[in-house]
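Visitor: build me a structure from this.
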Amino acid sequence: MLKNRGKRLDPSRILEKAVDVATFYGFRPYTEILEPLKVVTNARPVCIPVDKVRYIDTGKKQGSVMETYLRNEGIRREDPKLLYFYTQQRTKEKESSASGRFNLEIFGLNKSIGEAMIIRVCLSILEEVGHTNTSVAINSIGDRESLARFSREYSSYYKRRGLELHAQCRENLKKSFWKMFSCRNDRCVSIREEAPQSIGYLSEASRQHFREVLEFLEVMQAPYEIDNNLMRDTDKFCETIFEIRHIIPFVDKADTPISEVLAHGGRYNYLARRIGGKKDIPAVGISISLEAASNPEKSLHRSKKKPRVYFIQLGYDAMRKSFPVLEILRKTSIPLLQSHGANQLMGQLSIAEKLAIPYTMIMGQREAVDGTVIMRNTASRKQETIPITELSAHLERLTW
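Guide: Okay, here's the model as predicted:
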């Protein structure tokens with residue numbers, strides 16, 4: 001259960017802060033996106049008791065949300081869908097708060113910016129509720145081709161060294177060699193340190209995808225480490241997997257910093273087909289441990305402010321450099337709408353005019369290199385180039 005390390009927040013405020021951050025980045029309650037309109041107006045199943053979530057194969061709740069996505073024929077599949085929902089343990093009537101998980105999911109976005117967006121939003125949520133000493137643990141198991149090669153080598157390695165394992169691990173090895181990643185026996189840890197590593201078997205496409213995710217983290221200035229022992233159920237996950245950890249300022253007997261896992265997630269492009277879909281659906285998500293009021297529905301349904309800025313990013317370098325700009329806007333409380341990977345400038349400008357958003361902010365390849373953005377007045381179509389270092393002050397001077 002995640003609690004604020006400094007001044008303790010009221011449980012209802014913790015969830016409100018999480019929703020505010022998610023909403024700023026374009027995430028919406030999953031009922032607004034996945035359920036038919038006639039259901040959305042009458043139902044509010046954004047908060048789901050854990051025992052009411054239907055688990056699929058791997059015991060992960062995203063399966064049931066993916067099922068909703070697959071069966072709703074009215075969804076425009078070509079557009080990325082950013083959604084959130086909250087699962088909560090049932091509580092006694094007199095309890096004012098309870099532990100639960102705040103979940104962020106992106107469907108329909110196969111690019112590395114999907115992982116970057118999920119991690120950025122999670123880090124901002126954790127910062128808002130009091131966690132500053134956090135770090136991203138990350139690994140990649142690659143696509144089907146990568147995973148098949150790694151599985152063969154890893155399985156072969158443990159078959160050769162099976163007799164060296166302690167008794168319980170020898171039994172686990174008969175069921176699944178993936179259980180080797182969770183063993184804490186000293187002998188098994190030593191054997192695991194010499195085992196093949198998944199990033200050594202990545203296809204070129206998976207290697208490039210992982211490299212881009214790491215580049216996003218570096219631009220965000222997010223502390224991270226590649227953890228070769230970080231593994232998830234490969235029946236569900238693929239490509240990038242990650243955890244957000246709170247680093248505790250103490251060490252164990254081996255002088256290793258102690259950490260607490262605050263959130264975990266990854267990409268799961270292959271889940272849709274496993275639960276009956278006709279094709280793979282690009283998907284990435286994260287689950288954050290949060291404490292909330294025992295009746296959190298009001299906190300989950302925050303009013304959506306009309307965007308004042310439409311942020312257009314053109315090209316990979318612009319997307320990579322966009323996150324510091326987004327954090328400036330978030331911290332100045334300016335609501336925005338942004339394009340996710342769209343590269344047609346004129347089409348994006350017409351959207352801003354149609355929606356009557358006062359200002360359009362553009363970052364292309366040149367601006368990404370120069371560390372600037374173009375601010376365009378939607379009504380007058382006048383524009384000027386602003387250094388990112390001066391953006392916050394410039395926004396304060398604008399007439400809304």
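Visitor: from here on, just use CA atoms for contacts and neighbour counts.
Guide: Noted.
Visitor: where does the spatially most central residue of the chain fall, helix, sheet strand or coil?
Guide: Nearest to the geometric centre of the chain sits residue 118, at 2.2 Å (CA atoms, centre = their mean). Using DSSP: H, G, I helix; E, B strand; the rest coil, the structure places residue 118 in helix.
Visitor: distance check, it against residue 125.
Guide: As judged by CA to CA, to the nearest Å, residue 118 and residue 125 stand 11 Å apart.
Visitor: how far does stretch 260-274 stretch from one end to the other?
Guide: End residues of stretch 260-274 are separated by 32 Å (CA to CA).
Visitor: I meant to write stretch 71-82 there.
Guide: Separation of the first and last residues of stretch 71-82 by CA to CA is 17 Å.
Visitor: for it, what is the average pLDDT?
Guide: On average, the pLDDT along stretch 71-82 is 68.
Visitor: for the stretch 101-250 of the chain, which segments count as strands?
Guide: 134-142, 224-226, 238-251 (DSSP state E, counting those that start in this stretch).
Visitor: now the first one - C-alpha only, PDB.
Guide: Output in PDB follows, covering the C-alpha atoms of strand 134-142 (Å, rounded to 0.1, in the frame of the first residue of the first chain):
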ATOM      1  CA  THR A 134      12.100   6.700  -7.000                       C
ATOM      2  CA  SER A 135      13.800   4.700  -9.700                       C
ATOM      3  CA  VAL A 136      12.700   2.800 -12.800                       C
ATOM      4  CA  ALA A 137      13.700  -0.900 -13.000                       C
ATOM      5  CA  ILE A 138      13.400  -2.000 -16.600                       C
ATOM      6  CA  ASN A 139      14.000  -5.000 -18.900                       C
ATOM      7  CA  SER A 140      13.000  -6.300 -22.300                       C
ATOM      8  CA  ILE A 141      12.000  -9.800 -23.300                       C
ATOM      9  CA  GLY A 142      11.400  -8.700 -26.900                       C
END
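Visitor: which residues in the stretch 301-400 of the chain form helices?
Guide: Along the stretch 301-400 of the chain, counting by DSSP state H, counting those that start in this stretch, helices occupy 316-331, 345-354, 365-370, 391-397.
Visitor: any chance of JSON lines for those, columns distance to residue 191 and mean pLDDT?
Guide: Converted to JSON lines, the helices of the stretch 301-400 of the chain look like this (distance: least, CA to CA, whole Å; pLDDT from 0 to 100):
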{"stretch": "helix 316-331", "distance to residue 191": "38", "mean pLDDT": "86"}
{"stretch": "helix 345-354", "distance to residue 191": "54", "mean pLDDT": "68"}
{"stretch": "helix 365-370", "distance to residue 191": "45", "mean pLDDT": "90"}
{"stretch": "helix 391-397", "distance to residue 191": "52", "mean pLDDT": "85"}
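Visitor: quick one, which of the ones you listed gets closest to residue 310.
Guide: Residue 310 lies closest to helix 345-354 among the helices of the stretch 301-400 of the chain, at 6.3 Å (CA to CA).
Visitor: pLDDT-wise, which helix or strand of this protein ranks last?
Guide: One helix or strand of the chain scores below all others by mean pLDDT, DSSP states H and E: helix 37-40, with a mean of 39.
Visitor: circling back: give me whichever of the strands of the stretch 101-250 of the chain is most buried.
Guide: The highest mean neighbour count among the strands of the stretch 101-250 of the chain, using mean count of other CA atoms under 10 Å, belongs to strand 134-142: a mean of 24.
Visitor: in its sheet, what does that strand sit against?
Guide: Strand 134-142 sits in its sheet next to strand 224-226 (parallel), strand 238-251 (antiparallel), going by DSSP bridges.
Visitor: quick one on the thing from earlier: what's the most buried one of the helices of the stretch 301-400 of the chain?
Guide: helix 316-331 (a mean of 18).
Visitor: how far away from the center of its chain is that one?
Guide: With CA atoms, centre = their mean, to the nearest Å as the basis, helix 316-331 stands 16 Å off its chain's centre.
Visitor: using CSV, write out every CA atom in it.
Guide: Extracted in CSV, the C-alpha atoms of helix 316-331 (Å, rounded to 0.1, in the frame of the first residue of the first chain):
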residue,chain,number,x,y,z
TYR,A,316,10.5,11.0,-33.1
ASP,A,317,13.0,13.6,-31.8
ALA,A,318,10.1,15.9,-31.0
MET,A,319,8.1,13.2,-29.2
ARG,A,320,11.3,12.3,-27.2
LYS,A,321,11.8,16.0,-26.2
SER,A,322,8.1,16.6,-25.4
PHE,A,323,8.0,15.3,-21.9
PRO,A,324,9.9,18.2,-20.1
VAL,A,325,7.5,20.5,-22.0
LEU,A,326,4.4,18.6,-20.8
GLU,A,327,5.6,18.7,-17.2
ILE,A,328,6.0,22.5,-17.5
LEU,A,329,2.4,22.8,-18.7
ARG,A,330,1.2,20.4,-16.0
LYS,A,331,2.9,22.3,-13.2
